[in-house]
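Peer 1: Below are the sequence and a predicted model; questions follow.
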Amino acid sequence: MAANDYYSTLGISKSATADEIKKAYRKLALEWHPDRHPDEKEAAEKKFKEINEAYQILSNPQKRQIYDGGGNPNTNGGNPFGGGNPFGGRYTYTYNTSGGQNPFGDFGDPFDIFAQFFGGASPFGTRERAKPRYSLRIDFMEAMTGVTKTVEIEGKKRTLKIPAGVSTGNTIDFGDFRVSIEVGGHKTFEREGDDILVTKTIPFSVATLGGEVEVPSIGGGIKIRIRGGTQSGTMMRLKGMGVPKLNSRGKGDEYVRIIIEIPGRLNREQRRIIEEMREEGL
């Protein structure tokens, strides 16, 4: 391979950072998955392998240094993967063990990402996983509390117990098949990992003088105390009021973002009071 071809393959410069290399790989790996190119699958498979080979070299600092110096970074005569499968003999993710980085972050196995798009197919069009994969969409609150679903798989009714705390991208093994979970959104709650974020608008008077307000939580409305002088944008942490931690005890936290509502209209007395406050510099 000619000098700098690996960089051209990923569409990056020779000075690209590790993070830039990772982002480029993730984008191209999904873009060139063979199942996205059914009419040119052979060409897509070739491109996909080139992308993986480029990432395998450039994500490894030692191999990248050898490559940049004009040497051969491959230790087995040209194949950086030690065989035809860049993910190991059982399609497990092996970048970390060879000194590279996992470009898919916490997912660990890139096939968990591919499954969301392509139903779990091998990116090389061969040796698909023995266990069939299915996808299941559940509501936001079902993911918070856990849920039992009855579904039909290959003509048979199956009961699936989904544990509390699952999130989009989680894959559950049910023995002879796997299910990839997709969790719907919520109009009130935003989820960040095991934490929940809500926004609460409070009156100007409560922000100034203090008082109690009710805020939503996964378990229902709860009352919290607002201290006098609270500023708009203040974040309040409610410990242990977040998402149940999957496969472990405890919960994340809930964060309440306080927004102060400024009255649009004032009566004469209210205006007089505000004007007096302004005169006093408040």
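Peer 2: Ah, there it is.

Peer 1: State the helix or strand in which Leu28 lies.
Peer 2: According to DSSP states H and E, Leu28 maps onto helix 18-31.

Peer 1: Packing partners of that helix?
Peer 2: Identification of packing neighbours for helix 18-31 by 3 or more CB pairs under 8 Å, 6 or more residues apart in numbering; DSSP states H and E yields helix 5-10, helix 41-58, helix 110-118. (Each C-beta comes from the backbone N, C-alpha and C, glycine too.)

Peer 1: Next, count neighbours for Arg36.
Peer 2: 14 (other CB atoms under 10 Å).

Peer 1: What of the one 5 residues further on?
Peer 2: Number of residues near Lys41 (other CB under 10 Å) recorded here: 14.

Peer 1: ok so, going back, can you lay out the helices and strands packed on helix 18-31 as JSON lines showing distance to Val243?
Peer 2: JSON lines is the format used below for those (distance: least, CB to CB, whole Å):
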{"stretch": "helix 5-10", "distance to Val243": "35"}
{"stretch": "helix 41-58", "distance to Val243": "32"}
{"stretch": "helix 110-118", "distance to Val243": "20"}
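
Peer 1: As JSON lines, those with mean pLDDT and distance to Ile153 would be great.
Peer 2: Below are those laid out as JSON lines (pLDDT from 0 to 100; distance: least, CB to CB, whole Å):
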{"stretch": "helix 5-10", "mean pLDDT": "88", "distance to Ile153": "39"}
{"stretch": "helix 41-58", "mean pLDDT": "84", "distance to Ile153": "27"}
{"stretch": "helix 110-118", "mean pLDDT": "46", "distance to Ile153": "16"}
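
Peer 1: Which one of those lies nearest to Glu269?
Peer 2: When the helices and strands packed on helix 18-31 are compared by CB to CB, helix 110-118 sits nearest Glu269, at 58.8 Å.

Peer 1: pLDDT weak spots in the stretch 101-250 of the chain?
Peer 2: 101-130 (pLDDT under 70).

Peer 1: Tell me where it has strands.
Peer 2: For the stretch 101-250 of the chain, the strands defined by DSSP state E, counting those that start in this stretch cover 133-138, 147-153, 156-162, 171-173, 178-183, 190-192, 195-203, 211-215, 222-226, 235-238.

Peer 1: and the helix holding Leu28, what's its mean pLDDT?
Peer 2: If you average the pLDDT over helix 18-31, you get 86.

Peer 1: what angle separates it from helix 41-58?
Peer 2: 170 degrees (axes from the mean of the first three to the mean of the last three CA atoms, to 10 degrees).

Peer 1: which of the residues in helix 18-31 are buried?
Peer 2: Along helix 18-31, these residues count as buried under the neighbour rule (16 or more other CB atoms under 10 Å): Ile21, Lys22, Ala24, Tyr25, Arg26, Leu28, Ala29, Leu30.

Peer 1: Find the nearest non-adjacent residue to the first one, please.
Peer 2: Nearest in space to Ile21, with sequence neighbours left out and distances taken as CB to CB, 6 or more residues apart in numbering, is Leu58 at 5.2 Å.

Peer 1: Quick check: the gap between the one you found and Glu182.
Peer 2: Leu58 sits 32 Å away from Glu182, going by CB to CB, to the nearest Å.
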